[in-house]
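# Quick one, structure for this:
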Amino acid sequence: MKKVLALIVAIVVVAWAGATWYTGDRIERDLQAYAAEWTTPLAESAPQLVSFERGFLRSSAEWRIEAIVPDGEPFTARSDIEHGPFPWSRLRQLQFMPVLAWVHAEPLENSGWQPWFHYAQALPWQVQATIHYRDGVEFLAAFSAVDIDEPDVQLQVSAGWIEGRVHGNAEQILMNAEWPSFRMQTGDAAEGSEFSSLAIEQFRWRSNHQAGAAGWYPGESQFTAEQVQIEDNLPLPLRFQQVAFTTQLEESTGEQLNVSADYRIGHLQVADQPLGEFEAGVMMDNLHGPTLREGIEAWQALPLQSDGMPARHESNAVMQATLEALLTHHPRLAIAPMRWTLPQGEILFEASLTLRPAEESGTELSVLQALDAELNVSRPMAVELMARMSQLPGGTDQPLEAARAAAALNLAFMEQLALASGHVEPTEDGFRVRVEQREGQWKLNGRDWNEADELLDTIPLLP
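Coordinates of the predicted model:
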């Protein structure tokens, strides 16, 4: 019996030792391959694996990325790697599932990270990651609070974190992040100018994207904040509450991409006046994926100037060529909808534009193949909005009730003029404007609109 137990123990020890050796060997090979394949347009070169010290139970690696700005210090970081299948740091957390490795990474102070060490008065960031044998990597990155107090810039950022998981060979990427507070003031202290300020409270970000068929990553990302406040040398500070910004990328049939962005502000306030809720949705359909990718690659290939960006005229030329190539696939832009709401009613705007290549002898409006747009205005909402805006600093000294009465008279006068000219049509509680275009033929509120080309030709549609 003792011999059997001894044999079992020996087999387990040999298997564990073999697995540990295999882990160290595989990690070294994977890191070298990773460094060789990964490139970034923001740095002058790919991250370099400076050194790798392989041990039996653990290894260490040092990375370097060249400076983003000219003559800057390179950024270096160190990774401590505990070999699987049972890294000690996971066993201490009572996690017994076998994994390839457990990694702890942090920046080195004598590198480009040195200013961040100074302003954080601590280790700026650290990452803990678990590398699974087959199911990718999960990680948690923790960032220290930063306090910058310079003559022209004051910046206070609370401690924050990013957690995520990369499944398989990046087939799916999940990310979550949170920063409780961000405050920044900028100005020219030497000139004695007033400072502009931006404050964001309870910032959160979540993202879920999966590898698509053509190299894109369809999915959804959302950014939210409990409050955003902006003061920009004006007596009218802006405050937004319950802010959400959501983006989506979809691959449709063939090689087309669909992109959408939704904005929402639960409470909009200018100075001390609440101005209701605002939301908007913007969609772009039929974007030709290969053309868009070629444009991105052409922009990345442009030579960089001393500020780390390509020359403006070269960048604009690439953007113009990419846009003209995209127009050959007839993309569609839609605003569906844009809504501004007060308890008294809402202002609603919806539009859909189908684009095409511009005619050689035509105006900029020739890129419009079709257009449908409609603006609906609630009369009680418009009166209330005009009255509240009149209460802003620099406006009328009238009490709010008197401002409402004056706004109602002004709106009624303007509405009668617009109705008489045919530019608007009445609705149950207000008025609306409808504009249509098909192959160069315009209609305003259902009637032919022959003056449209002359009036709208002054509006630039292309950069």
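# pLDDT at the residue nearest to residue 351 when sequence neighbours are not counted, what is it?
In this structure, residue 351 finds its nearest non-sequential neighbour in residue 373, 3.9 Å apart by C-beta to C-beta, 6 or more residues apart in numbering. Every C-beta, even on glycine, is put in place using the N, C-alpha and C of the backbone. Note for residue 373: predicted pLDDT of 95.
# The one 5 residues further on now?
Per-residue pLDDT puts residue 378 at 96.
# cool, and residue 456?
For residue 456, pLDDT reads 63.
# ok so, going back, what lies in contact with the host helix or strand of the residue nearest to residue 351?
Element membership of residue 373 [criterion: DSSP states H and E] is strand 368-378. Contacts with strand 368-378, where a contact means C-beta atoms under 8 Å, 6 or more residues apart in numbering, come from 330, 344-356, 427, 429-439, 461.
# before we move on, the earlier item: what is the neighbour count of the residue nearest to residue 351?
Number of residues near residue 373 (other C-beta atoms under 10 Å) recorded here: 15.
# Bridged to it, which residues?
residue 351, residue 435 (DSSP bridges).
# cool, and residue 250?
Here residue 250, judged by DSSP bridges, has bridge partners residue 258.
# Quick check: which ranges of the chain have low pLDDT?
Within the chain, the stretches with pLDDT under 70 are 1-46, 67-72, 189-194, 232-235, 254, 360-364, 453-463.
# For residue 447, give the beta-bridge partners.
Beta-bridge partners for residue 447, by DSSP bridges, are residue 444.
# my read: it touches residue 425, true?
No. Contact between residue 447 and residue 425 fails when scored by C-beta atoms under 8 Å: they sit 9.9 Å apart.
# So those two - more neighbours on which side?
More crowded of residue 447 and residue 425, by other C-beta under 10 Å: residue 425, with 15 against 11.
# nearest residue to that one other than its sequence neighbours?
Nearest residue to residue 425, sequence neighbours excluded (C-beta to C-beta, 6+ apart): residue 445, at 4.9 Å.
# And for the one you found, the neighbour number?
Residues lying near residue 445 (other C-beta under 10 Å) number 15.
# Over to the one 3 residues further on?
Using other C-beta under 10 Å as the criterion, residue 448 is surrounded by 10 other residues.
# do you know how far it is from residue 164?
56 Å (C-beta to C-beta, to the nearest Å).
# just residue 313 next, same as before
Applying C-beta to C-beta to residue 313 and residue 164 gives a distance of 39 Å.
# Neighbour count: the two, which is higher?
Legend: neighbour count by other C-beta under 10 Å for residue 313 and residue 164, higher for residue 164 (18 against 7).
# contacting residues around the more buried one?
Residue 164 touches 138, 139, 173, 174, 175, 176, counting by C-beta under 8 Å, 6+ apart.
# and residue 294, helix, strand or coil?
helix (DSSP: H, G, I helix; E, B strand; the rest coil).
# Helices along the stretch 351-463 of the chain, start to end?
Counting by DSSP state H, counting those that start in this stretch, residue ranges of the helices within the stretch 351-463 of the chain are 379-390, 400-421, 452-456.
# Same check on the stretch 1-150 of the chain?
For the stretch 1-150 of the chain, the helices defined by DSSP H, counting those that start in this stretch cover 2-37, 88-92, 114-120.
# Just the contacts of strand 368-378: which are in strands?
Cross-referencing those against strands under DSSP state E gives 345-355, 430-438.
# Name the residues of stretch 334-354 that are buried.
Buried residues in stretch 334-354, counting neighbours by 16 or more other C-beta atoms under 10 Å, are found at 334, 338-342, 344-354.
# ignore the last one, stretch 215-229
Buried-residue list, stretch 215-229, by 16+ other C-beta under 10 Å: 216, 217, 218, 219, 221, 224, 225, 227, 228, 229.
# Who are the contact partners of the nearest residue to the fifth one once chain neighbours are set aside?
The spatially closest residue to residue 221, leaving aside those adjacent along the chain, is residue 207, at 4.2 Å (C-beta to C-beta, 6+ apart). Residues in contact with residue 207, defined by C-beta under 8 Å, 6+ apart, are 173, 174, 175, 176, 219, 220, 221, 222.
# Try it again at 10 Å.
Residue 207 is in contact with 164, 173-177, 217, 219-223, 247, counting by C-beta atoms under 10 Å, 6 or more residues apart in numbering.
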